[in-house]
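Asks: any chance you can model this:
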Amino acid sequence: MDIQLHIPTRSDRNLVRRLMELYQYDFSEYDGQDLDDHGCFGYGDLDYFWFEPTHSAFLVTVEEKLAGFVLIDDEVVIPGNERSVSEFFIMRKYRRLGVGKQVAFEVFRRLPAKWEVRVIEQNSPAQDFWRSVITDYTQDKFQEKLLENDEWQGPVFYFDNHGQ
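Replies: Down below sits the predicted model:
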């Protein structure tokens with residue numbers, strides 16, 4: 001299976017915005033978000049992922065077909081960490097095929113850092129996914145902390161992949 005990560009151009013912003021709607025539809029099962037009056041979930045300012053040097057965006061393709069996206073930023077909740085997986089979306093049709101794992105490994109490989117991945121408490125499938133992926137990627141050299149504060153409620157997985 002040919003799985004690729006592509007850096008979207010500025011002209012791809014609307015494409016990512018449309019994929020974000022699919023992601024938010026899936027995620028509404030956990031966060032209870034409703035559509036707005038225009039039938040959209042809406043997402044804050046995605047432009048940061050094209051204009052801020054601390055933010056990165058990737059489009060995911062499988063066999064040259066759009067399959068998802070990844071958004072990375074530096075908004076961390078554990079002091080000392082540098083990068084965070086802000087949003088990670090693989091379309092349902094490509095889940096449980098190893099696509100997400102391969103994409104996560106490639107993102108980590110491209111961006112060495114002190115990483116943190118946060119998952120909301122209600123999303124146990126995502127917790128299982130990230131725990132498994134990070135265990136495999138780090139060969140079980142990561143930490144997991146359950147936060148219950150104003151910044152975050154839920155598990156945080158973190159590790160350093162400098163030098164990997």
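Asks: need the three-state assignment for the closest residue to residue 92 other than its chain neighbours.
Replies: Of all residues not flanking residue 92 in the chain, residue 26 sits nearest, at 7.3 Å (Cβ to Cβ, 6 or more residues apart in numbering). Bear in mind the C-beta positions are built from the backbone N, C-alpha and C, glycine included. Here residue 26 is helix, with the state taken from DSSP: H, G, I helix; E, B strand; the rest coil.
Asks: correct me, but residue 26 touches residue 89?
Replies: Yes. The criterion here is Cβ atoms under 8 Å, and residue 26 meets it with residue 89 at 7.5 Å.
Asks: looking at the two, which has the bigger crowd around it?
Replies: residue 89 (20 against 14; other Cβ atoms under 10 Å).
Asks: quick one, what contacts that one?
Replies: Applying Cβ atoms under 8 Å, 6 or more residues apart in numbering to residue 89 gives the contacts 19-20, 22-23, 26, 68-70.
Asks: where do the strands sit along the chain?
Replies: 3-6, 56-62, 65-73, 83-90, 114-118, 143-148, 153-160 (DSSP state E).
Asks: quick one: closest of these to residue 103.
Replies: Closest to residue 103 of the strands of the chain is strand 56-62 (Cβ to Cβ; 5.4 Å).
Asks: state the distance from residue 152 to residue 146.
Replies: Using Cβ to Cβ, to the nearest Å, residue 152 is found at 10 Å from residue 146.
Asks: neighbour count winner among these two?
Replies: Comparing residue 152 with residue 146 by other Cβ under 10 Å, the one with more neighbours is residue 152, at 19 against 10.
Asks: that one contacts residue 118, doesn't it?
Replies: Yes. Assessed by Cβ under 8 Å, residue 152 is found in contact with residue 118 at 5.7 Å.
Asks: many thanks, have a good one.
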